[in-house]
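Peer 1: Predicted model and sequence below, questions to follow.
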Amino acid sequence: MRIAVVGAGGVGGLLAGSLVRAGRDEVVLVARGEALAAARAGGLTVETPGGTYTARPALAVEDPAEAGPCDATLVAVKAWQVPELAPRLRPLLAGGGLAVPLQNGVEAADRLAAALPPGQVAGGVIWVYAWIDGPGRVKQLGAAPRLVLGERPGAPTRARIEPL
């Protein structure tokens, strides 16, 4: 499964690092600025209560169009960034992939669905205490992250969500 993580902040950096560490060799990180440069140069360093590790995504890009289609796209940017970003995510979903918003608030999935094929947007929420500790560095404290995905009316079926 090819998974894109959009955003390299506390949530996005932690998810990208965790997916790489779990053996997902097709993790694509979409980032910008110092976070992108750090990910390209040395990977993502993630500090958790269980230890610190460095993970290198298979690809780190600024423009989602450079990444090509992915099976799933985890959108981990700030909620106010979603309306401007959403149309740029189309190339990631070109193969029929699934977009999952992980922002605070109940509008994120609707905002993505307004700019993307609605049948390719699921609901998502993450419970985690994580933040950027420097370019390419993420720190997570407290309980292990909990990620919950859900279907939207007329959107992905459980069979499409379960593999993710």
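Peer 2: Good, I have the coordinates.
Peer 1: for the chain, what's the longest strand?
Peer 2: Longest strand in the chain, counting residues (DSSP state E): strand 137-150.
Peer 1: State the mean pLDDT of it.
Peer 2: Average pLDDT, strand 137-150: 95.
Peer 1: partner strands of it, parallel or antiparallel?
Peer 2: When pairs are called by DSSP bridges, strand 137-150 turns out to pair with strand 44-48 (parallel), strand 123-134 (antiparallel).
Peer 1: Output these in a markdown table; the columns should cover distance to residue 70 and mean neighbour count.
Peer 2: C-beta: built from backbone N, CA, C; applies to glycine. Shown next, in a markdown table, are the strands paired with strand 137-150 (distance: least, C-beta to C-beta, whole Å; neighbours: other C-beta atoms under 10 Å):
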| stretch | distance to residue 70 | mean neighbour count |
| --- | --- | --- |
| strand 44-48 | 18 | 22 |
| strand 123-134 | 15 | 17 |
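Peer 1: right, and those strands - which one's nearest residue 143?
Peer 2: strand 123-134 (7.7 Å; C-beta to C-beta).
Peer 1: Quick one: distance of that closest one to the chain centre.
Peer 2: Counting by C-alpha atoms, centre = their mean, to the nearest Å, strand 123-134 is centred 10 Å from the centre of its parent chain.
Peer 1: Out of the strands paired with strand 137-150, flag the one nearest residue 62.
Peer 2: For the strands paired with strand 137-150, proximity to residue 62 was assessed by C-beta to C-beta; strand 44-48 is nearest, at 15.6 Å.
Peer 1: Now do that closest one, average pLDDT.
Peer 2: Mean predicted lDDT for strand 44-48 stands at 98.
Peer 1: And the helices in the protein?
Peer 2: For the chain, helices defined by DSSP state H occupy the ranges 10-21, 33-42, 82-85, 108-115, 158-161.
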